[in-house]
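Chemist: Curious how this folds, go ahead:
(chains A and B)
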Amino acid sequence: MELNTVQHDALVELLNIGFGRAGASLSKLTQQRVLLEVPQVAIHPVTHLNQALGRLVDERVASVHQVFSGPVAGDALLLLDPIAAATLTELLTDVPPLSMDLDPSAREVFTEVGNIVLNACIGTFGNMLGVPVSFSVPDVDVTSVHSVIDRMLDSGEAFRYALVITAGFRLRDSAVTGYVVIVLTVQSLKRLLDALDRWQQIQA
Amino acid sequence: MTARQTPADAFTAGMLRWFENHATHGLFTTDRDLRIRTWNRWLATATGLQPEAVIGEVLTDIVPSLAERGLDACYHNALKGHATVLSHTLHRHLLPCQQEDGSLMPQTGRIAPLVDGDEIVGTITLVGDVSERVVAERQLRAQIAAAEDARAIAEAASRAKDEFLATLSHEIRTPLSAVLGWVHLLKVREPDAATIKRAVDVIERNAKSQLALISDMLDMARISSGKVRLELADVNMTQVVAGAVDGVRPAAEAKHIRLVTDLPPGVAWVSGDADRLLQVTWNILSNAVKFTGDGGMVVVSLRSDRSGTHLTVADTGQGIDAKFLSQVFERFKQADTTAARKTGGLGLGLALVKDLVTMHGGSVEAASPGPGLGSTFSVHLPNRIESTETTAARQPLLPAETTLEGVRVLIVEDDPDAREIAMRSISDAGGMAITAGNATEALAALADSTSLPHVLVSDIGLPGTDGYDLLAAIRQLPNERGAIPAIAVTAYASDADAKMAMDRGFRAHITKPYLPSALVAAVRDAIFHRA
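Modeler: Purely as a prediction, here's the structure:
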């Protein structure tokens, strides 16, 4: 399954709305201007995710994971290189991290940031589809990329797709890049793409 | 009833009761109207609000700060299915809970929808106390900061050492290459008289410069380890300054620098170590000559008033940048540490000046209007301690400043040569020396009431009864005899030896070899300060 140009553009536009909300929430919370941009979106079969992410992030990643359920269901992840995660929390809180593996306080801040970003993304999908979406409480981890993906492969259906979204945080003249990965069942993805087509027609 | 027969609900109810009573987190639930439905014991303890007071009440009425801080949005989101994490770093706390010390408990929070099947029936909140973590992180941060400070200091010290070694190597090689160069010239060809004279001059000048360099280094090392002791005496500062001016005159003349002296007509007396004060003056003067260009001028003036004796050396040299002014007296510091610098030296001279002046109870300062505008160094030394009454009291005993006229000194020394040096030191100063070769002879001399000595000068390493035991025996004697002031003169030169001598009742400790003036000064001091 691939995104056609129209779907790609519509998805980027929609995600930008979600990221805009997340940026506004983070700005309000930290009392500084935080911008969140979506430069790229790609879709991969979940079995190829390892390969796709391997090109983007190093061996170890800091991740925030949330399960969402409802008519559109799946897993949502925010992935950042651990050093980028430490940098981001420092930029947001002004508190330098105690270790490069994210100390407990930095992990907590990173969880809150992931929670805000993922809720905004998935929430936007829910709004577009006009369906309620529930979220689990997020969990945070600093581990290898493949153990994050293996955990995802072990649970749920095998035939699933992943939206890999580049997330660019801009604050204090610095830029930190991370990735939002949304893993969807075939059915959920199809529902989402249909909704995108309808939404695009209404916009046009 | 066995486990198999227990209904599942009973386990759930038991677990909930456990959370109610024993959970180490705060746990509460609300319904869809945000009315509190459960409130566990942890929360009752932490907030002081008992369950009966809060259950049934609207959350934001019980905790108004939630709405004031916009956190009520988290509950409205929870009712829409969204879970929220609140970090301590960004929120400090969820519920204001005052701790024993008056501060608010640091907390984390998790707010989530409470779901029954597909339906959201309310919200659930988990509150964690993170005080221990916050304290541990604060301590860790303090440790990291302390370690970083220590590292920065160590790095600066290491840089200073590297620069010093580079300078040292340069400074030692430069005079050596001049010496070796001229020695080579003398060896390879038949030199005429003029060449020989020139060679000897150059070799002498460079050897002296290297000697001065090594002396500075050794002095610095001795001052650092507290091993420099001043040989205090009355010093004529006018004479010291004149001597130093003579010393630097050849170097000044070589650079066509005018050396102007403005010395007081009389004598400026200070209490100090003549050699060290000469070193102080010479270092400042040679520094002025070193940093003053061809055809410049150096003005030396000395003034004495009630506040002390003041030496000022002003030059028309390269001056000092305001940024560097505060560091000129630090060790190994020269404003320009690059290889291209024009002047030599280790940057120890002024550090030595400061240490030596401080040891004299004085102060030194540097001033400069800026680079290229010359600089002025001022040394302030305290005047001799002299009060009118004590001067009057010792007047008959010590008519002249440097003499011991009328003073009887008992010298106890087993070594004949050392005894003679001590005897001559005393008699040359006009005093009367009574000598003893051991403790028995010393005690006998004290028994003779016709010529009772005023001061005892004793060696410590005496055969049989040593200097310490001798003094102990003397202190047992009645009247004036037992109270005689005592000076230890010994080759035991460590700080510990000096302290031991003081502890055993000697009022001064002079190490061998010593200058006659040091012994005379100590004897005069013993009489002058005699209680």
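Chemist: Neighbours of B:L180, how many?
Modeler: 13 (other CB atoms under 10 Å in any protein chain shown). Where you see a C-beta, it was placed from the backbone N, CA and C, and this is true even at glycine.
Chemist: Need the residue closest to the centroid of chain A.
Modeler: Central residue of chain A (CA atoms, centre = their mean): A:V180, 2.3 Å from the mean position.
Chemist: The stretch of helix or strand B:L90 belongs to - what's its average pLDDT?
Modeler: Assessed by DSSP states H and E, B:L90 sits inside helix B:88-91. Helix B:88-91 shows a mean pLDDT of 92.
Chemist: Listing partners with orientation, what would you give for the following helix or strand past it?
Modeler: Note on helix B:88-91: by DSSP H and E, the next helix or strand toward the C-terminus is strand B:107-116. Strands adjacent to strand B:107-116 in the sheet, as given by DSSP bridges, are strand B:84-86 (antiparallel), strand B:119-129 (antiparallel).
Chemist: Tabulate those (CSV), appending mean neighbour count.
Modeler: Output for the strands paired with strand B:107-116, formatted as CSV (neighbours: other CB atoms under 10 Å in any protein chain shown):
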stretch, mean neighbour count
strand B:84-86, 25
strand B:119-129, 19
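Chemist: Work out the gap between the longest helix anywhere in chain B and the centre of the chain.
Modeler: The longest helix of chain B (DSSP state H) is helix B:131-188. Relative to the mean C-alpha coordinate of its chain, helix B:131-188 is positioned 18 Å out (CA atoms, centre = their mean, to the nearest Å).
Chemist: Same check on stretch B:411-431?
Modeler: Distance of stretch B:411-431 from the chain centroid (CA atoms, centre = their mean) equals 40 Å.
Chemist: cool, and stretch B:459-467?
Modeler: Distance of stretch B:459-467 from the chain centroid (CA atoms, centre = their mean) equals 38 Å.
Chemist: Show residues contacting that stretch.
Modeler: B:412-415, B:418, B:438-440, B:458, B:468, B:470, B:473, B:488-492, B:497, B:501 (CB atoms under 8 Å, 6 or more residues apart in numbering or on different chains).
Chemist: From start to finish, how long is that stretch in a straight line?
Modeler: By CA to CA, to the nearest Å, the extent of stretch B:459-467 from end to end equals 6 Å.
Chemist: Touching stretch A:113-124 from outside, list them.
Modeler: By CB under 8 Å, 6+ apart, stretch A:113-124 touches A:14-15, A:17-19, A:21-22, A:25-26, A:29, A:36, A:63-64, A:66, A:68, A:72, A:76-78, A:88-89, A:92, A:133, A:135, A:138, A:140, A:165, A:167, A:180, A:182, B:77, B:82-85.
Chemist: let's see 7 Å
Modeler: Residues outside stretch A:113-124 that contact it (CB atoms under 7 Å, 6 or more residues apart in numbering or on different chains): A:14-15, A:17-19, A:21-22, A:25-26, A:64, A:66, A:68, A:76, A:78, A:88, A:92, A:133, A:135, A:138, A:167, A:180, A:182, B:82, B:84-85.
Chemist: Restricted to strands, list those residues.
Modeler: A:64, A:66, A:68, A:76, A:78, A:135, A:167, A:180, A:182, B:84-85 (DSSP state E).
Chemist: Rebuild those as a markdown table, extending it with distance to B:V289.
Modeler: A markdown table is the format used below for those (distance: CB to CB, whole Å):
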| residue | distance to B:V289 |
| --- | --- |
| A:V64 | 71 |
| A:Q66 | 78 |
| A:F68 | 84 |
| A:A76 | 78 |
| A:L78 | 71 |
| A:F135 | 82 |
| A:A167 | 69 |
| A:V180 | 74 |
| A:I182 | 80 |
| B:T84 | 77 |
| B:V85 | 73 |
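Chemist: Report the spatially nearest residue to the residue in chain A that chain B sits nearest to, omitting neighbours in sequence.
Modeler: Distances between chain A and chain B by CB to the nearest CB are smallest at A:S134, namely 3.5 Å. Spatial nearest neighbour of A:S134, excluding adjacent residues (CB to CB, 6 or more residues apart in numbering or on different chains): B:G81 at 3.5 Å.
Chemist: picking that back up, looking at the ones in strands among the contacts of stretch A:113-124, which is nearest B:A522?
Modeler: Comparing the ones in strands among the contacts of stretch A:113-124 against B:A522 with CB to CB places B:V85 closest, at 79.1 Å.
Chemist: Next one: the helix holding B:L90, is it in contact with chain A?
Modeler: Yes - using CB under 7 Å from any CB of the partner chain, helix B:88-91 reaches chain A at B:88-90.
Chemist: circling back to that earlier point, my guess is the residue nearest to the centre of chain A contacts A:F169. True?
Modeler: No - assessed by CB atoms under 7 Å, A:V180 is found out of contact with A:F169, at 11.4 Å.
Chemist: List the residues that contact the residue nearest to B:M432 when sequence neighbours are not counted.
Modeler: Sequence neighbours aside, B:R408 is the residue nearest to B:M432 in space, at 4.7 Å (criterion: CB to CB, 6+ apart). Neighbouring residues of B:R408 by CB under 7 Å, 6+ apart: B:432, B:434, B:451, B:453-454.
Chemist: at 6 Å what do you get?
Modeler: Going by CB atoms under 6 Å, 6 or more residues apart in numbering or on different chains, B:R408 touches B:432, B:453-454.
Chemist: Export the residues you listed as a markdown table, with columns for pLDDT.
Modeler: A markdown table is the format used below for those (pLDDT from 0 to 100):
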| residue | pLDDT |
| --- | --- |
| B:M432 | 90 |
| B:P453 | 90 |
| B:H454 | 89 |
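Chemist: Mark which of these are part of helices, please.
Modeler: Within the contacts of B:R408, no residue falls in helices by DSSP H.
Chemist: Name the nearest of those residues relative to B:A157.
Modeler: B:H454 (51.2 Å).
Chemist: What is the burial count for that closest one?
Modeler: Applying other CB under 10 Å, we find 20 residues neighbouring B:H454.
Chemist: try the one 4 residues further on
Modeler: Counted with other CB under 10 Å, the neighbours of B:S458 add up to 26.
Chemist: Residues of chain A that sit close to chain B?
Modeler: Counting by CB under 6 Å from any CB of the partner chain, chain A comes close to chain B at A:29, A:93, A:98, A:104-105, A:108-109, A:111-112, A:115, A:119, A:132, A:134-135, A:137-138.
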